[in-house]
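J.: Attaching a predicted model along with its sequence, questions to come.
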Amino acid sequence: MARYMTKKGYDAILAELDRIWHVERPEVVREVSSAADLGDRSENAAYIYGKQRLRKLDSRMRFLRRQVDAVQPVDETTIATTPHLRFGGIVEVEREDGERFTWRLVDRDESEPKRGRISIQSPVGSALCNKRVGDVIEVKTPAGATEYEILVVRYGADGP
């Protein structure tokens, strides 16, 4: 089953891949080449450090390519509105102590709880999935069980 990722998150990964491949990697290759021309590579700190940076960049690109291959991008602005909350949706909830939160359900790689973007794979996100306005969910966390009441479910670009 493919994981979903917002188009914005997917585009950010592609932009990072492009930047590494077309800007950072060629720059490091030039630095390594220049350092190699200086002679003895075994004691050449610039050469050794450059090779390490090159390996890290290549490793990062492999990681990003695996991410891109494993997800299906979804444009959250075009998701059909449904009464049930699902990936890309925005939910307003009230915790049992009266505190309110507004979250968008996103993939774990895009999760930024402080910015109102929670992972659909998280305990809260998975408990909210397929729920509708008026439903009360109980989420068990290491700190204990907490109840949330769903106040609003909406879709579109206007949200976290």
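T.: Right, received. Where do you want to start? Residues are numbered from 1 along each chain as shown.
J.: got the domain boundaries for the protein?
T.: 3-74, 76-154 (automatic domain parsing).
J.: Need those domains in JSON lines (columns: mean pLDDT).
T.: Output for those, formatted as JSON lines (pLDDT from 0 to 100):
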{"stretch": "domain 3-74", "mean pLDDT": "91"}
{"stretch": "domain 76-154", "mean pLDDT": "91"}
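J.: Pick the most deeply packed of these.
T.: Greatest average neighbour count among the domains of the chain goes to domain 76-154 (a mean of 16), per mean count of other Cβ atoms under 10 Å. All C-beta atoms are positioned from the backbone trio N, CA, C, and that covers glycine.
J.: Tabulate the domains of the chain (TSV), appending distance to Pro160.
T.: Formatted as TSV, the entries for those read as follows, by distance: least, Cβ to Cβ, whole Å:
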stretch	distance to Pro160
domain 3-74	11
domain 76-154	3
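J.: ok, residues contacting stretch 14-23?
T.: By Cβ atoms under 8 Å, 6 or more residues apart in numbering, the list of residues contacting stretch 14-23 from outside reads 57, 60-61, 64-65, 68.
J.: Quick one: residues contacting Val147.
T.: No, residue 147 isn't Val; it's Glu. Counting by Cβ under 8 Å, 6+ apart, Glu147 makes contact with 95-96, 136-139.
J.: hey, where'd the strands end up in this structure?
T.: Using DSSP state E, the strands found in the chain span residues 3-6, 71-74, 90-95, 100-106, 117-119, 136-141, 144-154.
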